[in-house]
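1. Sequence plus the predicted model coming up.
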Amino acid sequence: MNKRSLILRDYQIPAAEYALKSPKCVLAIAPSGGKTEISIFVVEEYLKQNPNHKVLILTHSTNVLLNNYTDRLNSLNLGFGFSTSYDPNVNVHVCLPHVEYKIDGKYDFIIVDEAHENYFAPRMQRIIKKSKPTKQLLLTGTPSKFIKEGGYDIYAIAANEISSKWFSKLKIELIASEYDWVKYNSDNEVDKSFQFKYSDTEKTLDMIMERLLVRVKTGFNAKEFNYPSLITKFKSWAFTYNKIGKTMIVAKNIEQSEMIFKILTDKGVNCVLSTSDNDPESDNMVAFNNNEYDVAIVVNRGRLGYNDLDLCNVIDMSGSHNPDIIYQLMCRVLRGSPDDQKFYIKVTPKDLKFMGATHISTQLAVQLTDRNFLLQYSGGNLNRYSIPVLKKTDKTNPTPEKGVVKNETRSYNKNLGLLEFDYDVVDTFKNVLHDLNNPISIYKMTTIADVREILGLANKTTWTRDKIIASAMGISLEEYVNIQA
């Protein structure tokens, strides 16, 4: 294999220079932004300046992520050697953090990949304490934990700062489930005490299939669509999942993932299950990455740096209302080119007020494609930020004033906060200004109290459909009813 030199894109160079100067840098970079490329460049430049120093690169706890990093190193003509076996004759060691017992001696420079998950874990802190590095580089797509913690140099490259040629077209769909987890929600997540029932899981997957079938059927001409012999194929789960492209289904826990796997297997779907219980070495994920399966069912492995340009769909059945997690899952299908059409499908609770909460949380996740929001969001400080709506001007009857007839106008926010997502995410957030006073803005202010109430974490209240929409529009229920009238 011919190895090539590492050449950074123009926008990556300032990030690399910043990381080289900082003793404790967080690189918060969007998918396709080049976290791996920048970190390798930084290592090479660092070793030119410090040829006798040792560098430790810690990827996340799956072999897929380790292999992704080492494959990239192997493809490049680099000025340093590396090893995954602690070879004392090379400067750079790449390993998984769960083998901390093998990590011995001092490292001058430590790089932590997927740092939002990895860095604050006890074992990672033990490694850092033992290694005593003078320099740290932390790679992440969601820096909220570091913003909240403070004390880090954060350099961000958001999706709206990167050319759209590096991104697929992404559509976001919300589908109601059969899960009734209203009473089982804490800290924006479905509580661990919630029991996922087999019948509810099967019905939910059936509802997802109905939406997928619509997409599949539009790919046929009228004759094929109505031809009787295809009817059974349209009802075939295996046929449908094969037609929509490579799909990842993300579960809340292992129990739910096993239910999903059994249901899909019974329906004849070519699928694989990969959890810490059944796939500790991530062999199944490697097989999925190599296109041996149409569908992979995972829990955490879906959002931890999984990089696969062939992945077309993420179906999120986790119930998470955490914008960081939703964004991380979206990013699995944001990589690609504008010629690719990919989908993030978010399964909502069946309770109406929680459907609204899912919309809000998903909109907040989309906002992480914007640099301003990415650099300010600390995981909970929603009170200063916005959810999308449109502004509209209402014209009333002309009123005479000193002999002049005028049209008096009143502005209100027309609901887009509970929309069905169906747009190019990157283009939307590049082209729309985030300014309440701008007439084309799709933003309005919300508060953490509003979100907490909708999530059922504040005072009990009865939510109707009209009240949720009125809340998303930023007007009173009475005003909304009058508008409809």
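-> Yep, that arrived. Numbers count the residues shown, from 1 in each chain.

2. Tell me the gap between the helix or strand harbouring residue 213 and the middle of its chain.
-> Per DSSP states H and E: residue 213 is located in helix 198-217. Centroid separation between helix 198-217 and its chain, computed with C-alpha atoms, centre = their mean, to the nearest Å, is 22 Å.

3. repeat for stretch 36-44
-> 24 Å.

4. And for stretch 194-213?
-> For stretch 194-213, the distance to the chain centre is 22 Å (C-alpha atoms, centre = their mean).

5. how about the CA coordinates for the helix holding residue 213, as CSV?
-> Taking C-alpha atoms only, helix 198-217 is exported to CSV below (Å, rounded to 0.1, in the frame of the first residue of the first chain):
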residue,chain,number,x,y,z
TYR,A,198,-41.9,-7.3,24.5
SER,A,199,-45.4,-6.5,23.1
ASP,A,200,-44.8,-2.8,23.2
THR,A,201,-41.4,-3.2,21.5
GLU,A,202,-42.9,-5.3,18.8
LYS,A,203,-45.7,-2.7,18.2
THR,A,204,-43.2,0.1,18.2
LEU,A,205,-41.0,-1.7,15.6
ASP,A,206,-44.2,-2.3,13.5
MET,A,207,-45.0,1.4,13.6
ILE,A,208,-41.5,2.2,12.4
MET,A,209,-42.0,-0.4,9.6
GLU,A,210,-45.0,1.5,8.4
ARG,A,211,-42.9,4.7,8.0
LEU,A,212,-40.1,2.8,6.3
LEU,A,213,-42.5,1.1,3.9
VAL,A,214,-43.6,4.5,2.6
ARG,A,215,-40.0,5.3,1.8
VAL,A,216,-39.5,2.0,0.1
LYS,A,217,-42.6,2.2,-2.0
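
6. list the helices and strands that helix packs on?
-> strand 169-176, helix 231-234, helix 237-244, helix 254-266, strand 341-348 (3 or more C-beta pairs under 8 Å, 6 or more residues apart in numbering; DSSP states H and E). For glycine as for every other residue, the C-beta is placed from the backbone atoms N, C-alpha and C.

7. please redo it, this time with the cut-off set to 6 Å
-> On a contact count with 3 or more C-beta pairs under 6 Å, 6 or more residues apart in numbering; DSSP states H and E, helix 198-217 meets strand 169-176, helix 237-244, helix 254-266.

8. tell me the angle of the longest one relative to helix 198-217?
-> What it means is helix 254-266. Angle of helix 254-266 versus helix 198-217, following axes from the mean of the first three to the mean of the last three C-alpha atoms, to 10 degrees, is 50 degrees.

9. Make residue 1 into 34 and carry on from there
-> Will do, 34 is the new start, and the previous item becomes helix 287-299.

10. next helix or strand past helix 287-299?
-> strand 304-307.

11. which neighbours does that next one have in its sheet, and in what orientation?
-> strand 328-331 (parallel) (DSSP bridges).

12. any residues touching the partner strand, and which ones?
-> Strand 328-331 is contacted by residues 274, 280-283, 290, 293-294, 302, 304-307, 321 when judged by C-beta atoms under 6 Å, 6 or more residues apart in numbering.

13. Can you verify residue 89 is assigned to a strand?
-> Yes - assignment of residue 89 by DSSP: H, G, I helix; E, B strand; the rest coil places it within a strand.

14. Can you tell me the closest non-neighbouring residue to it?
-> Spatial nearest neighbour of residue 89, chain neighbours left out: residue 140 (4.1 Å); criterion: C-beta to C-beta, 6 or more residues apart in numbering.

15. pretty sure the one you found contacts residue 166?
-> Yes - taking C-beta atoms under 6 Å as the definition, residue 140 is a contact partner of residue 166 at 5.3 Å.

16. what's around the residue nearest to residue 89, how many residues?
-> 25 (other C-beta atoms under 10 Å).

17. swap in residue 511?
-> So residue 511, with other C-beta under 10 Å, has 9 neighbours.

18. so the closest residue to residue 176 other than its chain neighbours bridges to which residues?
-> Distance criterion C-beta to C-beta, 6+ apart; nearest residue to residue 176, sequence neighbours excluded, is residue 61 at 3.8 Å. Bridge pairing for residue 61 (DSSP bridges) gives the partners residue 173, residue 189.

19. Alright, that wraps it up for me.
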